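Asks: sequence first, predicted model second:
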Amino acid sequence: MKRDQWSSNFGFLMAAAGSAVGLGNLWKFPYIAGMNGGGVFLIIYLLLLILLGAPILLTEMAIGRSSRLNAIDACKAIAPKWGFVGGMGVIGAFFILCYYSVIGGWVLKYFFKYIVSSEIKEPEQYFESFTSSVAEPIAWHVIFAAIVVFIVIRGISGGIEKVSKIFLPLLAAFIVLIAVNGMLLPGSFEGVKFILKPDFSHIKSAGDFFGIVLSAMGQVFFSLSLGMGTLITYGSYLSKDSNLMTNSLYIPLFDLIIALAACFAVMPAVFAFGLEPSAGSGLIFKTLPHVFANMKFGRILAVIFFLLVLFAAITSAISLLEVIASYLIDRMNWHRITASVVPAAAFTAIGCLASLSFGKLSHIKIFGSSIFDFLSEFPDKILMPIGGFFLCILAGYIWGMPNFEKEVTSGGKYTFHFKRLTGFLIKIFAPLMIVIIFFASFI
């Protein structure tokens, strides 16, 4: 079976950035920052993005392009017994899809709500009432999953790339516009201070500090789609003409810009309307309706905003489903339709339970967390960091830096900038930091 390929490096960049710039930035980053001290979290996140995110991203792309295989078989191509590294990514992608599709359904709901209504009154109560109901959030969740399946069935260049190239640039421009309007609200400067000014007063123990660091590391892995096989899979569709080193810098930079813009869109509004910055997973749904209600042409802007957030969610979700579908196509020789529909049916079913955990199933706990919270915390705080650790070991010690360098430079075509530093980060710093942060947070 002929393997699909990106039609251009720009198409790959938009798809990879779309995988990174999804709900991890627009939905998760503002509330995770809010729950972890604002500016303190931002500083730690920036450091980990540079020292962990970019090197591991480069590693995944190199392994994927070198093997031109799915995540599991790409790792097996380097060392036959190391397929479990890619396997953890495939499992992590499935876990994430189970709850990610639920949030995608929320975005769909708000998009259509603003089409038929000029504003949402009492946004906090509206969100709580909607998410705790039974049928409606599940229906939107199923519709979102169906959209994702349809795009993945269309393939790489015909589906994923086309969607990403159009809507990612639009999203970037529009989120900046919302951020500017949010910062013009009376009292919004406190939100800007909260984002930029580090406040260490609430860190009262080493456990508090490592808890924030773990959250920042989990957000780096989640927002860049690391440790879940996405960049290995996407890298496997790249041609040798692509400059991996440049791509590994562009993608985190684009991710950071959108994450910061999302914070400036949400946090100033949180403070302007006297809301709680640590409000959790419903933060943008409780906050931005206030912003739109106080903006000229607010309803139109709300429709456009949630449409673009929807496409950000879709570009991330299709990258996750592609990780699973790619394995089923390569290894099981399934047709792309079957390889897309079967796992989608499974994550949709589990996603229904995640949705119900806000209402009917709120009493069910998994290790002390709701079904939704468990599905969101287990991949980014456990599976992805552990997968990232073994990926560094696989690339740095088993594959070896000479092979790694050969792939990064496309056989000498491109310059490998910061070669020694990258080698140090992949072989020593990244795995050591993951181990320290991971265990310290639990101790």
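Replies: Perfect, thanks for sending it.
Asks: distance of residue 96 relative to residue 378?
Replies: 9 Å (Cβ to Cβ, to the nearest Å). From N, CA and C alone the C-beta is placed, and that goes for glycine too.
Asks: quick one: which of these two has more around it?
Replies: Per other Cβ atoms under 10 Å, whichever of residue 96 and residue 378 has more neighbours is residue 96, with 28 against 18.
Asks: for the more buried one, list the residues it contacts.
Replies: Residues near residue 96 by Cβ atoms under 8 Å, 6 or more residues apart in numbering: 222, 228, 320, 375-376, 379-380.
Asks: for the helix or strand hosting it, which positions count as buried?
Replies: Using DSSP states H and E, residue 96 maps to helix 83-116. Under the neighbour-count criterion of 16 or more other Cβ atoms under 10 Å, helix 83-116 has 83, 85-111, 113-114 buried.
Asks: burial measure for residue 203, as a count.
Replies: Neighbours around residue 203, by other Cβ under 10 Å: 17.
Asks: oh sorry, the question was meant for residue 364
Replies: When neighbours are counted by other Cβ under 10 Å, residue 364 comes out with 13.
Asks: I'd guessed it sits against residue 372; true?
Replies: No: between residue 364 and residue 372 there is no contact under Cβ atoms under 8 Å: 10.4 Å.
Asks: any low-confidence regions in the protein?
Replies: Within the chain, the stretches with pLDDT under 70 are 1-8, 11, 16-24, 26-27, 155-164, 202, 275-281, 440-443.
Asks: isn't residue 31 right up against residue 286?
Replies: No: applying Cβ under 8 Å, one finds residue 31 not in contact with residue 286, separated by 9.8 Å.
Asks: ok, those two, which is more surrounded?
Replies: Of the pair residue 31 and residue 286, residue 286 is the one with more neighbours under other Cβ under 10 Å, namely 26 against 23.
Asks: the more buried one and residue 390, how far apart?
Replies: Residue 286 sits at a distance of 38 Å from residue 390 (criterion: Cβ to Cβ).
Asks: same thing with residue 190?
Replies: For residue 190, the distance to residue 390 (Cβ to Cβ) stands at 43 Å.
Asks: which one's more surrounded, the two?
Replies: More neighbours surround residue 390 than the other of residue 190 and residue 390, with 18 against 14 (other Cβ under 10 Å).
Asks: looks to me like the more buried one is in a helix.
Replies: Yes: secondary structure of residue 390 (DSSP: H, G, I helix; E, B strand; the rest coil): part of a helix.
Asks: nearest to residue 66 among the contacts of residue 96?
Replies: Residue 66 has its nearest neighbour among these in residue 228, at 18.8 Å by Cβ to Cβ.
Asks: which SS state does that closest one fall under?
Replies: Using three-state DSSP, the structure places residue 228 in coil.
Asks: count the residues that sit near it.
Replies: Residues lying near residue 228 (other Cβ under 10 Å) number 34.
Asks: right, and it touches residue 89 too?
Replies: Yes: under the contact definition of Cβ under 8 Å, residue 228 touches residue 89, with a separation of 4.6 Å.
Asks: shared neighbours, these two?
Replies: With Cβ under 8 Å, 6+ apart, residue 228 and residue 89 have common neighbours 323, 384, 387.
Asks: okay, the residues you listed in JSON lines with secondary structure next?
Replies: What follows is those, written out as JSON lines (three-state DSSP):
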{"residue": "323", "secondary structure": "helix"}
{"residue": "384", "secondary structure": "helix"}
{"residue": "387", "secondary structure": "helix"}
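Asks: show me how to select, in ChimeraX, the buried members of those residues.
Replies: Here is the ChimeraX command that picks out the buried ones among these, judged by 16+ other Cβ under 10 Å:
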select :323,384,387
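Asks: out of the shared contacts of residue 228 and residue 89, who's nearest residue 131?
Replies: residue 384 (25.4 Å).
Asks: isn't the closest one right up against residue 91?
Replies: No: the pair residue 384 / residue 91 is not scored as a contact, 10.3 Å apart, by Cβ under 8 Å.
Asks: and the gap between the closest residue to residue 364 other than its chain neighbours and residue 282?
Replies: Excluding its sequence neighbours, the residue lying closest to residue 364 (Cβ to Cβ, 6 or more residues apart in numbering) is residue 371, at 6.1 Å. Distance, residue 371 to residue 282, by Cβ to Cβ: 16 Å.
Asks: all good on my end, thank you.
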